[in-house]
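Enquirer: Provide a 3D model corresponding to the input given below.
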Amino acid sequence: MNFTGYRRDIDGLRTLAVVPVVLGHAGLGLFAGGFVGVDVFFVISGFLITGILVRELEQGRFSLIDFYERRARRILPALFVVLAACIVVFWFLLLPQHYVVIGKAGIASLLFSSNIYFFRIDSAYFANATSMQPLLHTWSLAVEEQFYIVFPVLLWLIAAWRRTSRTLLIAGLSLASFALAVWMVPRHPVAAFYLTPTRVWELGLGALLALGAFPALRHRLLAELVAAAGLVAIAWAVFTLDKTDPFPGLNALAPCLGAVAIIWAGQSQITLTGRLLSTRGMVGIGLMSYSLYLVHWPVLVAARILTSARGNLDP
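Expert: The predicted structure follows:
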């Protein structure tokens, strides 16, 4: 395993994130907490993107335009395909007054603001009405992209700082975001779920890993224990949480810290957990995780509509 370059175990970790999401959304009760896979994705994204940005800044080849161009090439083609498919398929499945929602949500998705759109229509993520929204899942893409609009600029502005100072700033912002999430969940649960400020800390944890905030695990046994604990933490969240649990905030700690533990251990040691995640099957699914995430929800919504013989979308 290359500790500083491509890591197969991280692609395997993507599988550990996307499979519970898909199975949970499909209604398998055992995976009721599968939605926490999105939080695992946030940690992974924060780690990978920060690593890329820091390397480019330190090598003097950072370009904000190039960064956004790469993100667009990574995100937009598959998103365009899914949006086009939804426009066509749901024309035949929905009544006109319900079909208009596809257009509004699609525009919001392209503007990376669908999390704000779904927050503004004031429907809880797990409510019956939103279970029939074909583009509901794009809220998480919006959170990531909003983070990517601001975060590279922040890193560029503080590029001349010592790494310790940069790390302390990111840690402070992440802690503030987590405190905000904990405060908002019982008071404004829909806003806490959808909006970026209460999710920044999850991406921030990954960023802190990339900045070297966690010391290298030199002892093999310690690395094994940390990685295994991370796997258990994610599994615990997937199999014990459900839609009745307040989220994010404290309940998001287990999947996020679990992802941190697995990535952290793999930075300096090849662990049994890392080997498991690096198997061909795990890596193969992980490489398809973005496309799988994009496609699974509209397919499930179409199946629900066909099964119920109705298009019950709230505008």
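Enquirer: where exactly do the helices run in this structure?
Expert: Secondary structure of the chain (DSSP state H): helices at 8-25, 37-58, 64-89, 96-110, 114-120, 139-157, 163-187, 189-194, 200-210, 220-240, 253-266, 272-277, 280-287, 289-308.
Enquirer: Dump the ones you listed into CSV; add mean neighbour count, mean pLDDT and distance to Ser131 as well.
Expert: C-beta here means a position set from N, CA and C on the backbone, and glycine is covered the same way. Shown next, in CSV, are these (neighbours: other C-beta atoms under 10 Å; pLDDT from 0 to 100; distance: least, C-beta to C-beta, whole Å):
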stretch, mean neighbour count, mean pLDDT, distance to Ser131
helix 8-25, 24, 97, 9
helix 37-58, 22, 96, 16
helix 64-89, 14, 95, 15
helix 96-110, 17, 89, 13
helix 114-120, 21, 94, 12
helix 139-157, 19, 96, 14
helix 163-187, 16, 97, 21
helix 189-194, 20, 96, 15
helix 200-210, 27, 98, 24
helix 220-240, 19, 98, 19
helix 253-266, 26, 98, 22
helix 272-277, 19, 97, 31
helix 280-287, 16, 97, 25
helix 289-308, 17, 94, 7
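Enquirer: can you tell me which residues contact Ile75?
Expert: When contacts are counted by C-beta atoms under 8 Å, 6 or more residues apart in numbering, Ile75 touches 141, 145.
Enquirer: let's see 7 Å
Expert: Leu141 (C-beta atoms under 7 Å, 6 or more residues apart in numbering).
Enquirer: what's the distance between it and Phe119?
Expert: 21 Å (C-beta to C-beta, to the nearest Å).
Enquirer: Ok, Leu93 next?
Expert: Distance of Leu93 to Phe119, given as C-beta to C-beta: 25 Å.
Enquirer: export the helices of the chain to TSV and tack on distance to Phe247?
Expert: Compiled in TSV, the helices of the chain are given as follows (distance: least, C-beta to C-beta, whole Å):
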stretch	distance to Phe247
helix 8-25	13
helix 37-58	9
helix 64-89	25
helix 96-110	22
helix 114-120	15
helix 139-157	13
helix 163-187	7
helix 189-194	7
helix 200-210	12
helix 220-240	10
helix 253-266	10
helix 272-277	25
helix 280-287	24
helix 289-308	18
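Enquirer: for those helices, which one sits closest to Pro246?
Expert: Nearest of the helices of the chain to Pro246, taken as C-beta to C-beta: helix 163-187 at 4.6 Å.
Enquirer: ok, and what's touching the closest one?
Expert: Here helix 163-187 makes contact (C-beta under 7 Å, 6+ apart) with 158, 191-192, 197-198, 200-201, 204-205, 207-208, 211-213, 246-250.
Enquirer: Contacts for stretch 61-69 next, please.
Expert: Under C-beta under 7 Å, 6+ apart, the answer for stretch 61-69 is 53, 56, 152, 156.
Enquirer: Which one of those residues is nearest to Ile87?
Expert: Set against Ile87, the nearest of the contacts of stretch 61-69 by C-beta to C-beta is Pro152 (31.7 Å).
Enquirer: hang on, that closest one packs against Leu53?
Expert: Yes: between Pro152 and Leu53 there is a contact at 5.6 Å, judged by C-beta atoms under 7 Å.
Enquirer: Which phi and psi values does Ser113 adopt?
Expert: Dihedral pair for Ser113: phi -130, psi 20, per degrees, to the nearest 10.
Enquirer: Nearest residue to it in space, please, no chain neighbours.
Expert: Nearest residue to Ser113 in three dimensions, chain neighbours excluded: Ala142, at 5.7 Å (C-beta to C-beta, 6 or more residues apart in numbering).
Enquirer: pLDDT at the closest residue to Leu28 other than its chain neighbours, what is it?
Expert: Residue nearest to Leu28 in three dimensions, not counting chain neighbours: Gly34, with 7.9 Å by C-beta to C-beta, 6+ apart. Looking at Gly34, its pLDDT stands at 97.
Enquirer: residues contacting Gly34?
Expert: 20-21, 23-25, 238.
Enquirer: What is the most widely separated pair among those?
Expert: Across the contacts of Gly34, the longest distance by C-beta to C-beta is 12.5 Å; it joins His25 and Val238.
Enquirer: dump the residue contacts of Ala191.
Expert: Contacts of Ala191 by C-beta under 7 Å, 6+ apart are 119, 184.
Enquirer: Please report the distance of it from Phe67.
Expert: Applying C-beta to C-beta to Ala191 and Phe67 gives a distance of 29 Å.
Enquirer: Please apply the same query to Val19.
Expert: According to C-beta to C-beta, Val19 and Phe67 sit 29 Å apart.
Enquirer: can you check Asp245 too?
Expert: 36 Å.
Enquirer: for Ile52, same thing?
Expert: 8 Å.
Enquirer: and what of Val21?
Expert: Where Phe67 is concerned, Val21 sits at a distance of 27 Å (C-beta to C-beta).
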